[in-house]
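>>> can't give you the sequence, but here's the structure:
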């Protein structure tokens, strides 16, 4: 499958067209309609924009490095001419602009922004289940969770509804659905991509990031939204990779454990230098993440909560109410604890190129499933899924989820975490790991 850069080159020389890409996306959207990835789309408007982009390409004018590439946007970013509902029936706070900064940057680079994708309500959850808009279903098994909260974004990419999608990630909301749906997801360093025109969940943890079919495509989207250039080469030396073995002990589903051990062996054979590491940061992150996110989410949605919380489903309302009642000193304690987590993770990553661990401790659970069996016994799905990803969004570190094929017929992702503001180095290492062990599976045909 052609990459984003290769596709733009084909459009430039007349071997591909934006119109054909949009027509393909529309066909795929029809085939995947039962999976429920799309919140809003105007195909006629998308085709008109494609015709304009193709006319410019024929005249030798490309708007930028994403010219003609169809990109969908998670329904918590403002997009001119499209509604914003964030997967809820509750009234939303006003945003600071008509169109999100990252969307404007995508358009300036020639991206064809054509649809909004469904999501977990207000981004407060990791399952993709939604009482108001309907669950977003996993393309490999519709009975299973697609991950969240950028669920529709991952399903759109996995099923070919556009070439890339933009999601948000507060605790894992790009990486988890990417892993569950067999695509690549990149959460950059905190602040790398501006969030003007986005509906916040937790303004101190929120990130925006791309989902696509490969690391190179995520890098191209990241460069555009962050306005940073990334070296598209490989690591210059043998990579030093850390494995948080003590933290993972007892946490993984047996099938995930077996697959992860095979991946580590493969990376070692590819001459990666592996080392086991430990840090109290992993456990401490879980303790401070929840109060911070819930308190900030309750503040964001304070007007709706003050009005009696109309329109929030039972899947998110209890968490918002808990955040609203949290004492100020407890919130400040959590912020102080986060400072310690950041310092500990920074120290750990100072001695290696990256951390690697399964993106999720478990394979995609069934929709409606609350608990799962892991090596250490039973645990909640929330702990098994978010527990793997939230330390790195809490700390603002860049992290990739790379698909590594199917385990028991379901996708698995490998999470690669880099040092603070080391986005370019992480993408280069991610490209190397992708070449060594990456496998992007295709969902079964309907």
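That came in fine, so what should we check first? The structure presented is a predicted model; accordingly, all values stated were derived computationally and were not measured.
>>> going by C-alpha atoms from here, please, whenever you check contacts or count neighbours.
Noted.
>>> ok, residue 309 - how many residues close by?
17 (other C-alpha atoms under 10 Å).
>>> where does it fall, phi/psi-wise?
Phi and psi for residue 309, reported as degrees, to the nearest 10, are phi 60, psi 40.
>>> you'd agree it is up against residue 88?
No. Taking C-alpha atoms under 8 Å as the definition, residue 309 is not a contact partner of residue 88, at 11.3 Å.
>>> mind checking how far the residue nearest the centre of the chain is from residue 283?
Residue closest to the average C-alpha location in the chain (C-alpha atoms, centre = their mean): residue 174, at 1.1 Å. Applying C-alpha to C-alpha, to the nearest Å, the value for residue 174 to residue 283 is 21 Å.
>>> repeat that for residue 386.
Where residue 283 is concerned, residue 386 sits at a distance of 12 Å (C-alpha to C-alpha).
>>> more crowded one of the two?
For residue 386 versus residue 283, the count of surrounding residues by other C-alpha under 10 Å is larger for residue 386: 22 against 13.
>>> isn't that one up against residue 379?
No. Residue 386 is beyond contact range of residue 379, at 12.0 Å (criterion: C-alpha under 8 Å).
>>> list the buried residues in the top helix by length along the chain.
Taking DSSP state H as the criterion, the chain has its longest helix at helix 328-349. Of all the residues in helix 328-349, those buried under the rule 16 or more other C-alpha atoms under 10 Å are 331, 334-335, 337-338, 340-342, 344-346, 348-349.
>>> adding distance to residue 366 and pLDDT, write these out as a markdown table.
Listed next are the buried residues of helix 328-349 as a markdown table, based on distance: C-alpha to C-alpha, whole Å; pLDDT from 0 to 100:
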| residue | distance to residue 366 | pLDDT |
| --- | --- | --- |
| 331 | 33 | 98 |
| 334 | 32 | 98 |
| 335 | 34 | 98 |
| 337 | 34 | 98 |
| 338 | 32 | 98 |
| 340 | 36 | 98 |
| 341 | 32 | 98 |
| 342 | 33 | 98 |
| 344 | 35 | 98 |
| 345 | 33 | 98 |
| 346 | 36 | 98 |
| 348 | 35 | 97 |
| 349 | 35 | 97 |
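>>> and the gap between the residue lying closest to residue 396 once chain neighbours are set aside and residue 133?
Ranked by C-alpha to C-alpha, 6 or more residues apart in numbering and with sequence neighbours excluded, the top spatial neighbour of residue 396 is residue 190, at 4.5 Å. Residue 190 sits 29 Å away from residue 133, going by C-alpha to C-alpha.
>>> also residue 249?
37 Å.
>>> I'd like the average pLDDT over stretch 139-151.
Here stretch 139-151 scores 98 as its mean pLDDT.
>>> any idea how far the helix or strand encompassing residue 320 is from the chain center?
Per DSSP states H and E, residue 320 falls inside helix 317-325. Mean-position distance between helix 317-325 and its chain equals 25 Å (C-alpha atoms, centre = their mean, to the nearest Å).
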